[in-house]
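J.: Pasting the sequence and the predicted model now:
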Amino acid sequence: MSEDFVEKRIHARHRVFKGGRLAFNGGGSVECTVRNISPGGARVDVTSPIALPAQLTLFIDTDHLRRRCHPVWTHNTHIGVAFD
């Protein structure tokens, strides 16, 4: 890691490996894998790059979690979301 790297996250993220789903307004959704999560957001992976709407809902059924969120960055199949 470069010495010039500046951590911008407010909350530390915790590594996880959980199945999830990103739901879109209008009823569409895509399966995802949650790789890390914090009170402020998460990083999820999808199987192929997708165009994302401005508002999403992340579901993690095993944790009974449902959080409205929005994408803050994407890189190929990796997506960073911030919780609203």
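T.: Everything's here; your move.
J.: For the rest of this, base every contact and every neighbour count on C-alpha atoms.
T.: Will do.
J.: Check which helices and strands the helix or strand hosting Val16 sits against.
T.: Using DSSP states H and E, the element containing Val16 is strand 14-24. Contacts defined by 3 or more C-alpha pairs under 8 Å, 6 or more residues apart in numbering; DSSP states H and E place strand 14-24 against strand 29-37, strand 56-60.
J.: relative to strand 29-37, how tilted is the shortest one?
T.: Computed by axes from the mean of the first three to the mean of the last three C-alpha atoms, to 10 degrees, the angle separating strand 56-60 from strand 29-37 equals 70 degrees.
J.: got the angle between strand 56-60 and strand 14-24?
T.: Relative orientation of strand 56-60 and strand 14-24, computed by the same axes, to 10 degrees: 130 degrees.
J.: Repeat that for the longest one.
T.: With the same axes, to 10 degrees defining the directions, strand 29-37 sits at 160 degrees from strand 14-24.
J.: What residues sit buried inside strand 29-37?
T.: For strand 29-37, a neighbour-count test (16 or more other C-alpha atoms under 10 Å) marks Glu31, Cys32, Thr33, Val34, Arg35, Asn36, Ile37 as buried.
J.: From the chain's centroid, how far away is the helix or strand following that strand?
T.: Next in sequence after strand 29-37, counting helices and strands by DSSP H and E, comes strand 41-45. Centroid separation between strand 41-45 and its chain, computed with C-alpha atoms, centre = their mean, to the nearest Å, is 3 Å.
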